[in-house]
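> I'd like to go over a predicted model; first the sequence, then the structure.
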Amino acid sequence: MCSVTRQIMRPKDLIRFVAGPDGQVVPDIKGNLPGRGVWVTSTKSLVTQAVAKSAFARGLKAKVKVAPDLPDLVESLLLESALGALGFARKAGECLTGSGKTDSAIRSGKAIAVLHAEDGAEDGFRKLSQAVFAVEQEGGPEIKIWRVFSSVQLNMALGATNVIHAALTEGGAARNCLRRVTQLSKYREMEPLKWTPTR
């Protein structure tokens, strides 16, 4: 149950928080820290409300210390988790980079998601989104389109330079990366991007 909204939700849609040995509230992103936990819907706005409404002290039934930047810390941890998973997808051979390889992965039906740098040019984003649209119109698989990382973050995660576009292809590491990207995006209250042709 979310301690703010009081709604029953699936664990994957919530973030668990526990009190550390020093009484400091810490996010349990992996869900494996010991002790009593408090659950909050995985959005930055609701974690912010939980801080403002002292939801952690009530839920943990203890005097706890809550850092005012806790919502930002959660976002940072989710970002770190998503980038780490992206690096593992690359090592597993389940992430292709570059406009040409990304386009080929889309049109061949191998791509399960496309990642564009937030600071990438609109022209490249539009061309690859058109390819996704064309594949889906022909009855191909649904391909998620995300813009959640900067080019610098993509470069660091993938051990490359000038990465603006990347495609995740089918496989366990890529699916794990997609889950973590989705969790980060939901926390930021962002939806996958959709491109539709203008009339």
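Great, that's in hand. Predicted, not measured: the structure shown is a model, and the values here were computed from it.
> Give me the below-cutoff pLDDT ranges for the protein.
Per-residue confidence of the chain (counting by pLDDT under 70) places the weak regions at 198-199.
> If you count neighbours, what's buried in the lengthiest helix in the chain?
Secondary structure of the chain per DSSP state H: the longest helix is helix 70-91. For helix 70-91, a neighbour-count test (16 or more other Cβ atoms under 10 Å) marks 70-71, 74-75, 77-79, 81-83, 85-90 as buried. For glycine as for every other residue, the C-beta is placed from the backbone atoms N, C-alpha and C.
> what's the farthest-apart pair in the residues you listed?
Pairwise distances among the buried residues of helix 70-91 were taken by Cβ to Cβ; the largest, 30.9 Å, belongs to 70 and 90.
> how does this protein divide into domains?
Structural domains annotated on the chain: 11-68, 74-187, as defined by automatic domain parsing.
> the helices in the protein, which residues?
Ranges of helices within the chain are 44-52, 55-60, 70-91, 99-107, 122-137, 151-158, 172-187, based on DSSP H.
> Report the backbone C-alpha coordinates of the second one in CSV.
Below are the C-alpha coordinates for helix 55-60, written out as CSV (Å, rounded to 0.1, in the frame of the first residue of the first chain):
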residue,chain,number,x,y,z
ALA,A,55,4.7,9.6,6.0
PHE,A,56,8.0,7.8,6.8
ALA,A,57,7.9,8.4,10.6
ARG,A,58,4.2,7.2,10.6
GLY,A,59,4.9,4.1,8.5
LEU,A,60,8.1,3.1,10.2
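> What residues sit buried inside that helix?
Buried residues in helix 55-60, counting neighbours by 16+ other Cβ under 10 Å, are found at 55, 56, 57, 59, 60.
> again with the fifth one
Across helix 122-137, burial judged by 16+ other Cβ under 10 Å covers 124, 125, 128, 129, 131, 132, 133, 135.
> Distance to residue 150 for these - can I get that in a markdown table?
Supplementary listing: these in a markdown table, determined by distance: Cβ to Cβ, whole Å:
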| residue | distance to residue 150 |
| --- | --- |
| 124 | 15 |
| 125 | 14 |
| 128 | 17 |
| 129 | 19 |
| 131 | 23 |
| 132 | 21 |
| 133 | 25 |
| 135 | 27 |
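> The closest residue to residue 96 other than its chain neighbours: what's it in contact with?
Setting aside the residues directly before and after it, residue 96 is nearest to residue 167 in space (Cβ to Cβ, 6 or more residues apart in numbering), at 4.8 Å. With contact taken as Cβ atoms under 8 Å, 6 or more residues apart in numbering, residue 167 is in contact with 95, 96, 97, 101, 102, 105, 106, 110, 111, 113, 114, 115.
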